[in-house]
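Enquirer: quick one: sequence and predicted model below, then my questions.
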Amino acid sequence: MKSMLWGLSLGAIVLAGSAAVADDRIARIMDRMDSNGDGAISRQESDDFRSSRFDRLDANSDGRVTRAEMASKGRGKRTRRGGDRSSERREARRAKRDGGRRAERRAARSAKRFDKMDANGDGAVDRAEFVRRSARRFRRMDANGDGLITEQEMRDLRARRRRDG
């Protein structure tokens with residue numbers, strides 16, 4: 001009986017911890033994207049953020065992001081700016097534990113996302129294609145249609161995605 005209670009308690013702690021991590025992630029996103037600090041993300045702030053993200057991904061600065069650049073997610077530029085490689089080490093440990101299945105699923109999702117962004121099918125995503133996807137995502141997240149995304153709208157979207165699968 002004690003071991004069952006212990007197991008249930010541990011499960012509750014893990015679930016609560018994962019919700020807290022997700023909430024923290026949303027707060028970090030808001031902090032990065034809300035450039036004027038008003039507690040909401042405007043369409044302009046979203047476009048500006050996506051444009052700067054495009055610049056980070058475009059490793060060779062040719063105005064196009066290839067699959068390889070997207071897969072690296074601008075790691076080279078982040079490392080030159082003094083970032084660490086802890087996420088790469090963490091991914092390597094996970095791959096060792098699950099035989100690489102997680103990495104395969106992530107690669108498949110990334111390829112699918114890339115194909116959706118590459119509207120003209122030329123094998124690279126230009127700035128217009130990249131920002132266009134941002135506009136669709138913004139409309140989906142702006143639940144009340146007021147032209148602003150609040151932290152609560154982000155939380156609600158996350159809850160809908162989890163509920164709907």
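Expert: Now that the structure is in, tell me what you want to look at.
Enquirer: for this structure, give me the ranges with low pLDDT.
Expert: Low-confidence segments of the chain, defined by pLDDT under 70: 1-22, 74-87, 165.
Enquirer: what about the strands in it?
Expert: Assigned by DSSP state E, the chain shows strands spanning 40-42, 64-66, 124-126, 148-150.
Enquirer: export these to TSV and append columns for distance to Ala95 and mean neighbour count.
Expert: Just so you know, the C-beta spots here come from the backbone N, C-alpha and C atoms, and that holds for glycine as well. Formatted as TSV, the strands of the chain follow (distance: least, Cβ to Cβ, whole Å; neighbours: other Cβ atoms under 10 Å):
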stretch	distance to Ala95	mean neighbour count
strand 40-42	34	21
strand 64-66	23	21
strand 124-126	26	22
strand 148-150	34	21
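Enquirer: and these: which comes nearest Glu88?
Expert: Closest of the strands of the chain to Glu88 is strand 64-66, at 20.0 Å (criterion: Cβ to Cβ).
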